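Visitor: sequence and predicted structure below; questions after.
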Amino acid sequence: GGSAASAEKRCPISGKVGVCPMAARSAKATAKAKAATNGTAPDDAGATAGAESVAATSPPPPRPADDEVRKLLAEGEEQLSKAREQGGAAGVKALKAFTRAVDIAPANEDACCGKIAALELLGRPRGALKASVHALRRLPGSQRLTAAGERLATQLGEEAAEVSAEAWAEGEAAEGIVAVGDAGGASAEEASEDDDAGACPASKTLAQAKRDMEAQKRRPRKSTALEEALERLDTEESLPYRRAMKDELVSFYREFYAATSTKNVDTSQYTKAEKTGLSIKDGHKHMPRPDQVELPEDWKQPVGTLTADELAKYTGKRLLVSVHGDIFDVSDRPDKYGADGPYSSMAGHDITWAFWSGLDEEEEWDKYYDLFRAEPREERDRRLGGLMSWWAFFEQEYGSPVGRLSVYDREWELQPPPAVKDLCTVM
């Protein structure tokens, strides 16, 4: 009904009434938001009447952070206006300005709304919905953010629950909070009232799978022992280690995708900087499968081992793409890789270096390096994890590889990769 208790338990994303961790923590989040925006504790009981009088007549000078946020908001609005009129890079500049403002002042409603608007303008509704969920964790009473979340949820349809769940799980992990389904932040009585969390944006299944994933990453691996036993990586003797490392990472992501039933690539191994700065026009957003596709007669038929020149011929009705030397048949997605698709330039090419480096430009296709010899080791392992998450995603989307690119048969003879900056490998 219309009681205060019911209002407190109303989900700001779905509008449903019930036990929701986001709504249950709204009072606490609101207090944090006030503290973040005012720069003071929610209860300033220690202030004296004299101090209050001084504060009323002589407001404190603005903090440097406040000035920077105001400048960023002004820049973001200016670039957003340009982007609406002219398009181009202004949208990306607006997103960067608003994102920086949110980093400095997470509870600033204007910054959060600006970031969501920039993401929408750039054609990234999934990212915009995630941003609205993150913002509502801090500002659960915001009508603007609630309206944005509802609008985006309607736009994404069935995908909205999955996207919201991912965003919620990310927020829980960032804050070190017990995952939803473990009744984090709610009493045992509240948890028992709503054991069926299927309608909640934060599903127990996804949160649990992410925790299991992190635990599995810390387990000892066969590849580690094999690598430690090697004197050099640039010899054929390193082949068992290479195979073990790749198999472990691919198996890991297969299990993760199966456990979560997600349609999206896991991006937890990427830095925040790697998740911005994309350049492919109309790309980097979810695209539902087309209803009808005229498939080639040899769809998914084995092609054996191909040279790079031979692979380059598969850009017509049959579309092939190589990821770390394994060739996938993507002919059932001409909307992506066909002549008019946003990824058309990838067809007939090896795109390994793009996934590794984050440089999503045609000049980066067909660049071959021995990735196992990348330095430093921690950076290598992180980027290998990202690459293999894409490999497993391609397998999930397009089935097993249909061939092999010959240049990778003796990968250890290739040059080690150059160092790369943290850009975007999230397509």
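Guide: Received, thanks. Here the structure is a predicted model, which means the values were calculated and not measured.
Visitor: give me the below-cutoff pLDDT ranges for this structure.
Guide: When residues are selected by pLDDT under 70, those of the chain lie in 1-64, 88, 172-220, 260-287, 421-427.
Visitor: using CSV, write down the CA coordinates of stretch 144-159.
Guide: Extracted C-alpha coordinates of stretch 144-159, given in CSV (Å, rounded to 0.1, in the frame of the first residue of the first chain):
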residue,chain,number,x,y,z
ARG,A,144,15.8,11.7,-12.1
LEU,A,145,17.9,8.6,-11.8
THR,A,146,14.9,6.4,-11.1
ALA,A,147,13.2,7.8,-14.3
ALA,A,148,16.4,7.2,-16.3
GLY,A,149,16.7,3.6,-15.0
GLU,A,150,13.0,2.9,-15.8
ARG,A,151,13.4,4.4,-19.3
LEU,A,152,16.5,2.3,-20.0
ALA,A,153,15.0,-0.9,-18.6
THR,A,154,12.0,-0.4,-20.9
GLN,A,155,14.4,0.1,-23.9
LEU,A,156,16.4,-3.0,-23.1
GLY,A,157,13.4,-5.2,-22.4
GLU,A,158,14.4,-8.7,-21.2
GLU,A,159,18.0,-7.8,-21.1
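Visitor: pull out the buried positions in it.
Guide: 145-146, 148-153, 156, 159 (16 or more other C-beta atoms under 10 Å). From N, CA and C alone the C-beta is placed, and that goes for glycine too.
Visitor: is it true that Glu413 touches Thr235?
Guide: No. At 9.2 Å, Glu413 does not count as touching Thr235 under the criterion of C-beta atoms under 8 Å.
Visitor: neighbours around Trp365, how many?
Guide: Residues lying near Trp365 (other C-beta atoms under 10 Å) number 22.
Visitor: also Asp340?
Guide: For Asp340, using other C-beta under 10 Å, the count is 9.
Visitor: Gly123 too?
Guide: By other C-beta under 10 Å, the burial measure for Gly123, its neighbour count, is 15.
Visitor: I'd guess it is in a strand, am I close?
Guide: No. Counting by DSSP: H, G, I helix; E, B strand; the rest coil, Gly123 is not part of a strand but coil.
Visitor: got phi/psi on it?
Guide: phi 70, psi 40 (degrees, to the nearest 10).
Visitor: quick revisit: of the buried residues of stretch 144-159, closest to Phe393?
Guide: Closest approach between the buried residues of stretch 144-159 and Phe393, by C-beta to C-beta: Glu159, at 16.1 Å.
Visitor: am I right that the closest one is in contact with Leu152?
Guide: No. With contact defined as C-beta under 8 Å, Glu159 and Leu152 do not form a contacting pair (10.1 Å).
Visitor: quick one, what contacts Asp298?
Guide: Neighbour list for Asp298: Arg318 [criterion: C-beta atoms under 8 Å, 6 or more residues apart in numbering].
Visitor: quickly note the distance from it to Pro140.
Guide: Distance of Asp298 to Pro140, given as C-beta to C-beta, to the nearest Å: 54 Å.
Visitor: for Ala308, same thing?
Guide: According to C-beta to C-beta, Ala308 and Pro140 sit 53 Å apart.
Visitor: so which of these two has more stuff around it?
Guide: Each of Ala308 and Pro140 has its neighbours counted (other C-beta under 10 Å); Pro140 has more, 24 against 16.
Visitor: I'd assumed the more buried one was in a strand, is it?
Guide: No. Looking at Pro140 with three-state DSSP, it is coil, so not inside a strand.
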